[in-house]
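**Q** Provided below for reference: sequence and predicted model.
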Amino acid sequence: MKRIICVCLLVILMMAALAGCGQKEQKKVSDYGFYLDTECTITVYTDDEEKGRKIIKDAFALCEKYEGKMSKTVKGSDIYKLNHANGKAVSVSDSVREVLSMGIEMGKESKGRFDITVGRLTDIWDFKSDEPKVPRKSIIKAAMKTVDYENLVIEGSKVRLKRGDAEKGSEKNSGYNTAHVDLGGIAKGYISGKVAGYITKKGITSGLINFGGNVITIGKKPDGSLWNVGIQDPNEEGASIVGSTEAENQAVITSGIYERKFESGGKTYHHIIDPRTGYPAETDVEGVTLTCPREKAGECDAYSTICLLEGSSEGLEFIESKKDFEALFYCKDGSIKKTDGMDFKEAAEENGV
């Protein structure tokens, strides 16, 4: 009996040793590029470094492909053609139609506070300019008349923008006869989610995608622990954080009025434009972080903008009505508000204070 037990133990030890020899070390492979008007970083863990670099290269190529369809400034993109079709129907790709449909739904859910036909307004504010300035009231008024997601019509594989009120009366010669679509509030989340899906299909089980505040976690860390995603302090430059949230296969998306801004006449103007006023939103929120399953990253991106437009009270109520979404609001008075299910650890806690 002792001999049988010893033989069994020996077999078990040999099998464990062989299994250990078969496991290869997971190496960190990372690269970055500039897409979607922001710096993008992709990190994967793999036992084949060459394969990892190929996956990242192809993931960025996919990102560039999506951008080439959804950017309103890239000539020849689906959105560029739609915006310059003067009301005529144009053919778009399946992915663009999916994002446009999602944008329309976000408009309905937010009762028009989120509107992807805000392109005329974002054009005239032009926060990307070296010398941004406040547009004239008459120009803002003319551009606002084109904003209405209900004027976006999807007919099979074709899409058109109906000619709206801006072609009537004194505004007819303003140059704003039809709406312009701007997917800036939804495309980055959608694309980052698609890129994460592609990387997963290629066999990566641990990785991290960061597209300028849109973070997607793939699985867990190689050591089996959850990813710890930092939440930026909107009052500080660089990598300063107010805290963090743990995540696995989730999207962690942060938006804030601090991202693009300028001062004029003693007042600060930021890039989150309220379609109801034509001016930057004025609420008690400085930054908001949302979490959700990574498959819903597009909606998460749009919801973060909606929360900034609504303010903390209405924003909390809005997110609490959504399954699978949690939110943290960093308010202008320095207070933090969050949904009950939001995992959040303050920076002081992380430092053991």
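**A** Structure's in. What do you need? Numbers count the residues shown, from 1 in each chain.
**Q** in the stretch 1-150 of the chain, which spans are helices?
**A** 2-22, 49-70, 78-83, 94-109, 119-125, 137-144 (DSSP state H, counting those that start in this stretch).
**Q** Quick check: the gap between Gly184 and Leu82.
**A** Distance of Gly184 to Leu82, given as Cβ to Cβ, to the nearest Å: 15 Å. In short, each C-beta sits where N, CA and C put it, glycine included.
**Q** Who has more neighbours out of those two?
**A** Leu82 (26 against 19; other Cβ atoms under 10 Å).
**Q** residues in contact with the more buried one?
**A** Residues in contact with Leu82 (Cβ atoms under 8 Å, 6 or more residues apart in numbering) are Val90, Val92, Val159, Arg160, Leu161, Val181.
**Q** now Thr283
**A** Per Cβ under 8 Å, 6+ apart, neighbours of Thr283: Leu308, Leu309, Glu310, Gly311, Ser312.
**Q** Near the spatially closest residue to the last one that is not a sequence neighbour, how many residues? Count them for me, please.
**A** Meaning Ser312. Among residues not flanking Ser312 along the chain, Phe329 sits closest, at 4.4 Å (Cβ to Cβ, 6 or more residues apart in numbering). Using other Cβ under 10 Å, Phe329 has 26 other residues around it.
**Q** With just CA atoms, put whatever helix or strand Phe329 lives in into CSV.
**A** Using DSSP states H and E, Phe329 falls within strand 326-331. The C-alpha trace of strand 326-331 is given here as CSV (Å, rounded to 0.1, in the frame of the first residue of the first chain):
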residue,chain,number,x,y,z
GLU,A,326,-22.3,52.9,-12.6
ALA,A,327,-21.1,56.5,-12.3
LEU,A,328,-18.9,58.8,-10.2
PHE,A,329,-19.3,62.6,-10.4
TYR,A,330,-16.5,65.0,-9.4
CYS,A,331,-18.3,68.3,-8.7
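**Q** ok, that strand: who's next to it in the sheet?
**A** strand 285-293 (antiparallel), strand 336-338 (antiparallel) (DSSP bridges).
**Q** Identify the residues contacting the last one?
**A** For strand 336-338, contacts defined as Cβ under 8 Å, 6+ apart pick out Val242, Ser312, Leu316, Glu326, Ala327, Leu328, Phe329, Tyr330, Cys331, Phe344, Glu346.
**Q** which of the residues you listed are buried?
**A** Val242, Ser312, Leu316, Glu326, Ala327, Leu328, Phe329, Tyr330, Cys331, Phe344 (16 or more other Cβ atoms under 10 Å).
**Q** Format those as JSON lines; extra columns: pLDDT.
**A** As requested, those are exported to JSON lines (pLDDT from 0 to 100):
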{"residue": "Val242", "pLDDT": "89"}
{"residue": "Ser312", "pLDDT": "96"}
{"residue": "Leu316", "pLDDT": "97"}
{"residue": "Glu326", "pLDDT": "98"}
{"residue": "Ala327", "pLDDT": "98"}
{"residue": "Leu328", "pLDDT": "97"}
{"residue": "Phe329", "pLDDT": "97"}
{"residue": "Tyr330", "pLDDT": "95"}
{"residue": "Cys331", "pLDDT": "95"}
{"residue": "Phe344", "pLDDT": "95"}
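**Q** okay, those in CSV with distance to Thr38 next?
**A** Below are the buried ones among the contacts of strand 336-338 laid out as CSV (distance: Cβ to Cβ, whole Å):
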residue, distance to Thr38
Val242, 21
Ser312, 26
Leu316, 27
Glu326, 24
Ala327, 22
Leu328, 21
Phe329, 22
Tyr330, 20
Cys331, 25
Phe344, 24
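**Q** Run through the protein and note the low-pLDDT ranges.
**A** Confidence mapping of the chain against pLDDT under 70 gives the ranges 1-23, 164-176, 236-239, 348-353.
**Q** what residue lies at the spatial centre of it?
**A** Gly189 (3.0 Å; Cα atoms, centre = their mean).
**Q** Nearest spatial neighbour of it, chain-adjacent residues omitted?
**A** Looking at Gly189 with Cβ to Cβ, 6+ apart, the closest residue is Asp301, at 2.6 Å.
**Q** re the thing from before, next, format the helices of the stretch 1-150 of the chain as TSV and append distance to Thr205.
**A** Output for the helices of the stretch 1-150 of the chain, formatted as TSV (distance: least, Cβ to Cβ, whole Å):
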stretch	distance to Thr205
helix 2-22	17
helix 49-70	12
helix 78-83	33
helix 94-109	25
helix 119-125	38
helix 137-144	47
